[in-house]
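A.B. asks: Output the structure for:
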Amino acid sequence: MSGVLCCGNIVFDVLVRPVSELRWNTTHWVESARHTMGGNGANTAFALGLLGARVRLLGWVGPDPAGAFLLDKLAGAGVDLSGVRRGQAPTATTVSLVNPQGDRFLLHAPGVSLEAFTEPLELDASLREGMTHFHLANLFSIPGLRRQGAELLRQARAAGLMTSMDTGWDQHGRWMQDLAPALAWTDLLFVNGEETLGLTGTTELLEAARVFAGYGVRMVVFKLGGEGCAIWQNGELVRAPAFEVEVVDTTGAGDCFAGAFLAALLRGLDPASAARFANAAAALSVTRLGATEGLRSWDETEAWMRQARLRRC
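C.D. replies: Modelled structure (predicted):
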């Protein structure tokens, strides 16, 4: 069986909506404040599992109820948790303030993520068993991954696994300084518009794709939010439009997109078809509060696609 070894952070999310403005020393009543799962690694693995893919998650949680909550949710989607470690610090936590348009302001306490991947890690046979693909979900989200990410991708490639990486946002502004060593071992790169600008200095997709290709990337998938996505491969750029939905919360949409794209590839879909399916999964994810709450199974997503409208840009 094909499967994905997914590596990345696992985060306890507190989502508050709607928040139109912040005024210090006041109280603001909101419609919803809820606890749910977040983290690029966890969201992507959850999407893969819910869509029927075989997936093993490599990451860290703390020895607390938040960590137990997250592991239960991941297990419910069929995610193999044999690669998850328990650290000493609290589980990483993010408070997400969501405005009426679905945009977010994130407050992140890294917690156990500061312990994760601090020691050299071998992708041994037990981690790779049954896996045909290695996915690194946001090298920038965990300090240890900035140092080890390239080596993990190199090990995966050497073991014959297809490799992919979702860049994420670099809050420290180091961008290519930390990412470039990992690109030489990356077959497929996921990146959004703001990340593209930070990494390449341009928002022109063909130009940015050539920059990534110069470092060794073979395929680039640009996540373009309400404009859908674009795939660069063999010098050509193919676009796939987004679906029309009412946006509630964009938290985790990019992770759900990446998980759905990989799940589609595992089922044998070509990149263009995988992009359309991933656009549908991402569209569904933004219709509910929480990174993965709007996701549906593979068959349910396909049924939704048949009656959904594409967005006009």
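A.B. asks: Show me the helices in the stretch 1-150 of the chain, by range?
C.D. replies: Per DSSP state H, counting those that start in this stretch, the stretch 1-150 of the chain carries helices over the ranges 40-50, 65-76, 125-128, 143-158.
A.B. asks: Show me what the third one is in contact with.
C.D. replies: Taking contacts as Cβ atoms under 8 Å, 6 or more residues apart in numbering, the residues outside helix 125-128 that touch it are 5, 56, 58, 82-83, 156, 159, 161. Yep, even glycine has a C-beta here, placed from its N, CA and C like the rest.
A.B. asks: Let's have those in TSV, adding neighbour count and pLDDT.
C.D. replies: What follows is these, written out as TSV (neighbours: other Cβ atoms under 10 Å; pLDDT from 0 to 100):
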residue	neighbour count	pLDDT
5	27	98
56	24	98
58	27	98
82	11	97
83	19	97
156	26	98
159	16	97
161	21	98
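A.B. asks: of all those, which comes closest to residue 92?
C.D. replies: Closest approach between the contacts of helix 125-128 and residue 92, by Cβ to Cβ: residue 58, at 14.8 Å.
A.B. asks: quick one: low-confidence parts of this structure?
C.D. replies: 1, 313 (pLDDT under 70).
A.B. asks: Helices of the stretch 151-300 of the chain, residue ranges please.
C.D. replies: Counting by DSSP H, counting those that start in this stretch, the stretch 151-300 of the chain has helices at residues 176-183, 193-200, 205-215, 253-266, 271-285, 298-307.
A.B. asks: Only alpha carbons, please: show the second one as CSV.
C.D. replies: Extracted C-alpha coordinates of helix 193-200, given in CSV (Å, rounded to 0.1, in the frame of the first residue of the first chain):
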residue,chain,number,x,y,z
GLY,A,193,1.5,33.8,-2.4
GLU,A,194,3.0,35.6,0.6
GLU,A,195,5.5,32.8,1.2
THR,A,196,6.5,33.0,-2.5
LEU,A,197,7.3,36.7,-2.1
GLY,A,198,9.3,36.1,1.0
LEU,A,199,11.3,33.3,-0.5
THR,A,200,11.9,34.6,-4.0
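A.B. asks: List the buried residues for it?
C.D. replies: The neighbour-count check on helix 193-200 (16 or more other Cβ atoms under 10 Å) flags 195-196, 198-200 as buried.
A.B. asks: can you tell me which of the residues you listed lies nearest to residue 288?
C.D. replies: Of the buried residues of helix 193-200, the one sitting nearest to residue 288 (Cβ to Cβ) turns out to be residue 195, at 24.3 Å.
A.B. asks: Next, the contact list for the closest one, please.
C.D. replies: So residue 195 contacts 167-170 (Cβ under 8 Å, 6+ apart).
A.B. asks: same check, this time on residue 13
C.D. replies: By Cβ under 8 Å, 6+ apart, the contact list for residue 13 reads 35-39, 93-96, 251, 290-291.
A.B. asks: Likewise for residue 217?
C.D. replies: 183, 186-189.
A.B. asks: residues contacting residue 64?
C.D. replies: Residue 64 neighbours (Cβ under 8 Å, 6+ apart): 90-91.
A.B. asks: separation between it and residue 174?
C.D. replies: For residue 64, the distance to residue 174 equals 30 Å [Cβ to Cβ, to the nearest Å].
A.B. asks: most neighbours per residue, which of the helices of the stretch 1-150 of the chain?
C.D. replies: helix 40-50 (a mean of 31; mean count of other Cβ atoms under 10 Å).
A.B. asks: check contacts around the closest residue to residue 118 other than its chain neighbours.
C.D. replies: Nearest residue to residue 118 in three dimensions, chain neighbours excluded: residue 144, at 4.8 Å (Cβ to Cβ, 6 or more residues apart in numbering). Residues counted as contacts of residue 144 (Cβ under 8 Å, 6+ apart) are 116-118.
A.B. asks: between those residues, which is nearest residue 283?
C.D. replies: Of all the contacts of residue 144, residue 116 has the smallest distance to residue 283: 31.2 Å, by Cβ to Cβ.
A.B. asks: Surely the closest one touches residue 147?
C.D. replies: No. Counting by Cβ atoms under 8 Å, residue 147 is not a contact partner of residue 116; they are 11.2 Å apart.
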